[in-house]
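> Sequence and computational prediction follow.
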Amino acid sequence: MTEKEKMLAGLDYLAFDPELTQDRMNAKKLCHRFNQVVPDDKELQTNILKELLGTVSEAWIEPLFFCDYGYNIHLGENFYANHHCTILDGAEVRIGNNVLFGPNVTLSTAGHPLDATIRNTGLEFCKPITIGDNVWLGANVTVNPGVTIGDNAVIGAGSVVTRDVPANTVAVGIPCRVVKSLTV
């Protein structure tokens, strides 16, 4: 089994494997191209996103945008990400319809072993992130590996989401906790 196959299967893998390193370099080149497009050339931005991401149709992503691989990112309809969005997508990232990200949002599927001896071997792991429909992540939100955020949820600015957030709730803080239920 290759390191890429291990990564995609959710197993521990070596991220600096040549194939994965090349995949990341390809994504970085596409992100660089995307980030250099003049702001009013929406057609070119969309074409680059279609080349970079696994699934995209109607999306507006403000530069600067960064990701590790791109092919593991699947965006629903009517997605908006404000400036400085980063998605570390060693595992699948599924984002629903009508989702809004404030500036400086980070989604990280990647994690590293707690044991320094193992971590120093270069092994890492990834766990998927799922974000439902009609979700709003405020400015400077970080979503950790393996988290699911339910439909209609609102995540307050500056929150660090370390566990699942149910649908129809407002959650805030470090670590992020539900503070309010929403009626839909």
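Received it, and whenever you're ready, just let me know what you need.
> quick one: what helix or strand has the spatially most distant residue from the centre of the chain in it?
The centre of the chain is farthest from one residue, T117, which by CA atoms, centre = their mean lies 28.0 Å away. T117 belongs to helix 116-119 when assigned by DSSP states H and E.
> before we move on, back to that, from L123, how far off is the residue farthest from the centre of the chain?
T117 sits 10 Å away from L123, going by CB to CB, to the nearest Å. (Each C-beta comes from the backbone N, C-alpha and C, glycine too.)
> do the same with L114
12 Å.
> Between those two, tell me which one has more neighbours.
For the pair L114 and L123, the greater number of neighbours falls to L123 (16 against 7), based on other CB atoms under 10 Å.
> Wait, the more buried one touches D12, no?
Yes. When contacts are counted by CB atoms under 8 Å, L123 is listed as touching D12 (4.8 Å).
> Which neighbours do these two have in common?
Here L123 and D12 have P113 as joint contacts, going by CB atoms under 8 Å, 6 or more residues apart in numbering.
> quick one, longest helix in this protein?
helix 18-36 (DSSP state H).
> ok, then the element right after it?
By DSSP H and E, the next helix or strand past helix 18-36 is helix 42-52.
> List the buried residues of that next one.
Q45, T46, I48, L49, L52 (16 or more other CB atoms under 10 Å).
> Okay, angle between that helix and helix 18-36 too, please.
Angle of helix 42-52 versus helix 18-36, following axes from the mean of the first three to the mean of the last three CA atoms, to 10 degrees, is 170 degrees.
> which strands and helices sit next to helix 42-52?
helix 18-36, strand 59-61 (3 or more CB pairs under 8 Å, 6 or more residues apart in numbering; DSSP states H and E).
> Can you add mean pLDDT and give those back as CSV?
Output for the helices and strands packed on helix 42-52, formatted as CSV (pLDDT from 0 to 100):
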stretch, mean pLDDT
helix 18-36, 98
strand 59-61, 95
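> Quick one: these as a markdown table, columns for distance to N98 and mean neighbour count too.
Below are the helices and strands packed on helix 42-52 laid out as a markdown table (distance: least, CB to CB, whole Å; neighbours: other CB atoms under 10 Å):
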| stretch | distance to N98 | mean neighbour count |
| --- | --- | --- |
| helix 18-36 | 22 | 15 |
| strand 59-61 | 11 | 19 |
